[in-house]
Structure formats: C-alpha cells, structure tokens
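In: I'll drop the sequence and a predicted model, then ask my questions.
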Amino acid sequence: MLNATVMNHRDMLTATATATARADQEGFLGPILNLSEPSAPEGSTVTVSCMAGARVQVTLDGVPAAAPGQPAQLQLNATESDDGRNFFCSATLEVDGEFLYRNSSVQLRVLYGPKIDRATCPQHLKWKDKTRHVLQCQARGNPYPQLRCLKEGSNREVPVGIPFFVNVTHNGTYQCQASSSRGKYTLAVVMDIEAPNSHLVPGILAVFGTLAVVTVVVALMRVFREHKRSGRYHVRQESTSVPLTSMQPTEAMGEEPSRAE
C-alpha cells in the first residue's frame, strides 16, 4: 500500500507516492559462498565461488567479480597452512542511489597427516634424578593425532605435556609417535638422567689416580734408598810394598869396585 499525494491542475489529476525498497524485496539476501570440498585432502584442488543477485557486485577475498551479477571464483592447491583458512565474500547493491551491503564467510578444512614439531620437542633431555619435569612435545594434524612416547626395549610410557617425577630408571631412548587415520609420525627423544653427585665421580677418580701414582713413586724412592744403604762397596787399595830389583854385590855393600893394579 502506498500513501499518495493527489494534485489537481485544471482538468488533470497528478498522484505522487514515495516507496523505499527493502533488501529482501530486491532478492538481496546476501552472497552465496561455496567450497567445492569443505574438507579437502592435502594436495587437492579446491574451488571457492561467490555469487549473488542479478545487479549485485560481489568481491571474493578482495578480488571483485568481472561485472555486477557475475560470480567471483578462485582456486587453490590445499596445503597444511590452508587448514582453518577463512574466505570472505562481500556483496554490494545500489537501490535508488543508496548502497546495500551483505557479507558472507566460509572456512576450509584440510586433511593432513600427523606431524611432531621438532622445535617444541627437544631430541635430547638432560635432567637430574628425583626431580619433576614436563615432556613438552606437541603433535598436529587433521584429524588431531594421538601422541605417545614409549621407551625402547621396555615400552615404558612417559606422560606428555603434564609433570611427572623423574628418576634414573627413565634413562634411555623413547620413540614418540603421533598417529591418526591419515598416518603416523615418529621422533626419537633421548632422556639422560643425572644421578646424585654423579658429576663428582670423574673428579674423585682423578684424585684417586693421582694418589696412586704418588704412592708408587714414593714406594720406589724408598726401596731405592734402602737398597743404597744396605749395598756393599769394594774399595781398591793401593799396594804399600816396594818392588824389588836385583843389585850387584858391591852395590849391596856400598863399596866401589876394585881396580886392577
């Protein structure tokens, strides 16, 4: 129903009415945003499309359609980084010099296998015995994977992400495995538990080694000294006798030899 204003001009009547169009009357309920695959496997091609009414200008992720009434589209190769990505489409309609706006959004889910972030899961842990620690390992994937860390040889499980009491029996290598319907991912983690005063053992061994060497040296010196005191020494004495030489009788008597007369 319209409220008209009637004006009489000679033999002519003029009726004037003003109406304001509503969005729903113009078929402008907002843009329709679709994904070819709402949950797409990693590596697959996904098409995103946005459309609206005949005279509506749509813009998808900042890129406008070619003309009013035309849909906007984009394609992408789905990767892990696209998981949870939101796409936005805006629609604009001009009615009697005024602009009407509608927006719509949709989220893409990408299915990918489990992974363990090495930056948040150290491969070598050095902790002290009888202390409390947290194994800070995190897994990701879609669907979300289950993460377990089991010790090699015994399959002993340690908790992940919550505090637990550490002792020397935790020494060893653990296989941390993230698993889901998309596969498995394994990362080795080594736990090195330091026993009380274990850092003093090398020093103590060095001291004992030094003492042993000193003891041996002192013992050898003592044996050498005792041997030196109890040893026999042979001194060669010079002879005190005078060697004998033959003498003539006259020389023996001290007389001069007789001369012939």
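Out: Sure thing, it's come through.
In: Name the strands paired with the helix or strand containing Leu150 and say parallel or antiparallel.
Out: When elements are assigned from DSSP states H and E, Leu150 belongs to strand 146-151. As defined by DSSP bridges, the strand partners of strand 146-151 come to strand 157-158 (antiparallel), strand 172-180 (antiparallel).
In: Nearest to Gln73 among those strands would be which one?
Out: strand 172-180 (31.9 Å; Cβ to Cβ). Placement of C-beta: from N, CA and C, glycine included.
In: Check which helices and strands the next helix or strand after the closest one sits against.
Out: Per DSSP H and E, strand 172-180 leads on to strand 183-194 as the next helix or strand towards the C-terminus. Contacts defined by 3 or more Cβ pairs under 8 Å, 6 or more residues apart in numbering; DSSP states H and E place strand 183-194 against strand 98-116, strand 124-128, strand 172-180.
In: I'd like the next helix or strand past the host helix or strand of His133.
Out: Assigned by DSSP H and E, His133 belongs to strand 131-134. Following strand 131-134 in sequence order, the next helix or strand is strand 139-142 (DSSP H and E).
In: what does that following strand rub up against?
Out: With contacts defined as Cβ atoms under 8 Å, 6 or more residues apart in numbering, strand 139-142 is touched by 83, 109-117, 145-147, 178, 180, 182, 185.
In: pLDDT weak spots in the stretch 51-200 of the chain?
Out: Applying pLDDT under 70 to the stretch 51-200 of the chain flags residues 197-200.
In: neighbouring contacts of stretch 31-44?
Out: 45-52, 56, 58, 60, 77-80, 87, 89-91, 102-106, 108-113.
In: Quick one, which of these are buried?
Out: By neighbour count, with 16 or more other Cβ atoms under 10 Å, the contacts of stretch 31-44 hold 46, 48-52, 56, 58, 60, 78, 87, 89-91, 102, 104, 106, 108-113 as buried.
In: Would you map the helices across the chain?
Out: Ranges of helices within the chain are 201-230, 249-253, based on DSSP state H.
In: Mean pLDDT lowest where, among the ones you listed?
Out: Taking each of the helices of the chain in turn, the one with the lowest mean pLDDT is helix 249-253, at a mean of 46.
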